[in-house]
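Engineer: 3D model of this:
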Amino acid sequence: MGCGASIPNKLGGKGRKRRSVIQEVAVFLPTIRVPVATDIVHPLRGLVSKELLDRLATLRSKVVLLGEDIYHGDMEAISELERALEEYLPVVLGLTAKESRLEASVQFSWRTLDDDQECCLASAWYEVLSVIHMMAMLALFEANLKLIPRNGQYGIEKKVSEDSKKDVVDSLLRASGCLDYSVHRLLVQIPVQIKKSFPSYLQEGILEAISIQALAQCVEIQLGLASECDKATLSVKRRLACEQVSYFSQAHYCLSGCDTSDSYGKKLLLFLKWKCMDAKAVAYYYHALVLDKGGEPSNHISAVCCLSAADDLLAESKRACLSFCLANPITRVPPPWGIMKNMHKKIPDVAYKKFQIYGHLFEQDKNSALQSLPDLPEFPLSLRPEGYEFPCTDSIWENVDCQPQIQSLKEHLKDEDEEAETK
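Structural biologist: Residues are numbered from 1 along each chain as shown. Have a look, this model is predicted:
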């Protein structure tokens, strides 16, 4: 599974034996899908110009070639593939135009790099959706590489600069924007019968869940930066922590109507469950510190209740993390980073100290209402997916009437010769 992992030894190519590599995950993505070589020439020959046909085939072949080795590519390789996708998209968009009547003319095939699951559909909108989906997955993959440099040794904390973390936020927002556009603008263009043939990871709920998960991980990084900043107030940290809970909870809710019975769905569910528990533990911790500043005994009682809940959630999150790692395919997570870097020590320590100070209040006040866990405050969510701008159809499609074109005998024989040479 492509969990945005560092996989230096992974072998590309369908049918090749792959070396088993335990992947390290900071930013989760279900899988990277790549296009499979497809016969574009025969279905479109005589319907569009040879120039257009050659360009369409050449640009797609470039994406196919670059996509094969992306798992062990560097940032430059990812950027090159992203440029190839941006160059290909405006050209393939021409097939979706109603006036072209070519939307179902070509069988487009894509497969997962991890397990070679292939999906082939006669739909240009499926091809466009797959391209945008690949752009999103590459952005998530890029974010993970920045958080887990490949030259680092496992088990040792990787030093990631503040600028790199801000770049990760940009990548996550870009991924979220691509997926949000796919859900609200692309899926509606695709007939229901075609969507029924989609692989599970192209379900609307899963696309939306990963889009929101990307926003949650943006807030996770922002909270980590705030925790290292002396000027950031407790109120700011609590707000970010509560926003993180809201985003992860929303992402988890999006999966409620999805088929998550395959390994991709199960892995995503476990990831979101784990991150939700982490987020709630941090939110209750900061909520406790804010409540504890109040002067009333009830404030201190509520603070201790929050800290106790945070401590329990932290223990549960460790078990949830282990379940995520052991679920097929096996993965591993980096040492605690960002906001969680110090929480594994801070939360139990502060919870113990505060109970030592205020434990007597629980004996003095038997009011069970005061000793119940207070709700976390709700705040308006500050992040939105980055607005994705859909490109215009390439100008090469101008004046294409898609009527059968008459070829001269010489041109026809030349095409036959070229086809014979490629076999």
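
Engineer: tell me how far stretch 198-205 lies from the chain's centre.
Structural biologist: 13 Å (C-alpha atoms, centre = their mean, to the nearest Å).

Engineer: for that stretch, give the mean pLDDT please.
Structural biologist: For stretch 198-205, the mean per-residue pLDDT is 93.

Engineer: just stretch 306-322 next, same as before
Structural biologist: pLDDT averaged over stretch 306-322 gives 96.

Engineer: and if you look at stretch 51-66?
Structural biologist: 96.

Engineer: and if you look at stretch 22-39?
Structural biologist: pLDDT averaged over stretch 22-39 gives 89.

Engineer: first-to-last residue distance for it?
Structural biologist: 35 Å (C-alpha to C-alpha, to the nearest Å).

Engineer: ok now it, how far from the chain's centre?
Structural biologist: The answer for stretch 22-39 is 11 Å, by C-alpha atoms, centre = their mean.

Engineer: before we move on, what about stretch 110-124?
Structural biologist: 18 Å.

Engineer: mind listing what's buried in that stretch?
Structural biologist: For stretch 110-124, a neighbour-count test (16 or more other C-beta atoms under 10 Å) marks 110, 111, 112, 113, 114, 117, 119, 121, 123, 124 as buried. All C-beta atoms are positioned from the backbone trio N, CA, C, and that covers glycine.

Engineer: do the same with stretch 335-345
Structural biologist: 337, 338, 339, 340, 343.

Engineer: which ones among the buried residues of stretch 110-124 map onto helices?
Structural biologist: Of the buried residues of stretch 110-124, the ones assigned to helices by DSSP state H are residue 124.

Engineer: got the buried residues for stretch 266-283?
Structural biologist: Buried-residue list, stretch 266-283, by 16+ other C-beta under 10 Å: 267-283.

Engineer: about what we covered before: residue 250: which of the buried residues of stretch 335-345 is nearest?
Structural biologist: residue 339 (19.1 Å; C-beta to C-beta).

Engineer: for residue 160, see how far away the closest one is.
Structural biologist: 13 Å (C-beta to C-beta, to the nearest Å).

Engineer: could you say which helix or strand holds the closest residue in space to residue 382 that isn't next to it in sequence?
Structural biologist: Nearest in space to residue 382, with sequence neighbours left out and distances taken as C-beta to C-beta, 6 or more residues apart in numbering, is residue 243 at 6.4 Å. Element membership for residue 243 (DSSP states H and E) is helix 234-254.

Engineer: next secondary structure after that helix?
Structural biologist: According to DSSP H and E, the helix or strand after helix 234-254 is helix 263-291.

Engineer: give me the helices and strands touching the helix or strand just after that following helix, please.
Structural biologist: Remark: after helix 263-291, the chain's next helix or strand is helix 297-326, criterion DSSP H and E. Applying 3 or more C-beta pairs under 8 Å, 6 or more residues apart in numbering; DSSP states H and E, one finds that helix 297-326 contacts helix 263-291, strand 331-332, helix 340-364.

Engineer: which stretch of helix or strand covers the closest residue to residue 268 other than its chain neighbours?
Structural biologist: With sequence-adjacent residues excluded and distances taken as C-beta to C-beta, 6+ apart, residue 268 is closest to residue 30, at 5.9 Å. Under DSSP H and E, no helix or strand contains residue 30.

Engineer: and residue 30, how many neighbours?
Structural biologist: The number of residues packed near residue 30 is 28, by other C-beta atoms under 10 Å.

Engineer: what of residue 58?
Structural biologist: Neighbours of residue 58 using other C-beta under 10 Å come to 12.

Engineer: any idea how far residue 196 is from it?
Structural biologist: 32 Å.

Engineer: next: residue 306.
Structural biologist: With C-beta to C-beta as the criterion, residue 306 and residue 196 are 46 Å apart.

Engineer: between those two, which one's more packed in?
Structural biologist: residue 306 (25 against 7).

Engineer: surely the more buried one meets residue 284?
Structural biologist: Yes: between residue 306 and residue 284 there is a contact at 4.4 Å, judged by C-beta atoms under 8 Å.

Engineer: pretty sure residue 286 sits against residue 238.
Structural biologist: Yes: counting by C-beta under 8 Å, residue 286 touches residue 238, with 3.9 Å between them.

Engineer: could I get the average pLDDT for stretch 395-411?
Structural biologist: In the prediction, stretch 395-411 has an average pLDDT of 63.

Engineer: on that earlier part again, as TSV, the helices and strands packed on helix 297-326 with mean pLDDT and distance to residue 187 would be great.
Structural biologist: Converted to TSV, the helices and strands packed on helix 297-326 look like this (pLDDT from 0 to 100; distance: least, C-beta to C-beta, whole Å):
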stretch	mean pLDDT	distance to residue 187
helix 263-291	96	18
strand 331-332	87	29
helix 340-364	89	34
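
Engineer: dump those into JSON lines; add distance to residue 62 as well.
Structural biologist: Formatted as JSON lines, the helices and strands packed on helix 297-326 follow (distance: least, C-beta to C-beta, whole Å):
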{"stretch": "helix 263-291", "distance to residue 62": "27"}
{"stretch": "strand 331-332", "distance to residue 62": "31"}
{"stretch": "helix 340-364", "distance to residue 62": "40"}
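
Engineer: to residue 398, which of those lies closest?
Structural biologist: helix 263-291 (40.5 Å).

Engineer: quick one: that closest one to chain centroid distance?
Structural biologist: Worked out by C-alpha atoms, centre = their mean, helix 263-291 lies 17 Å from the chain centre.
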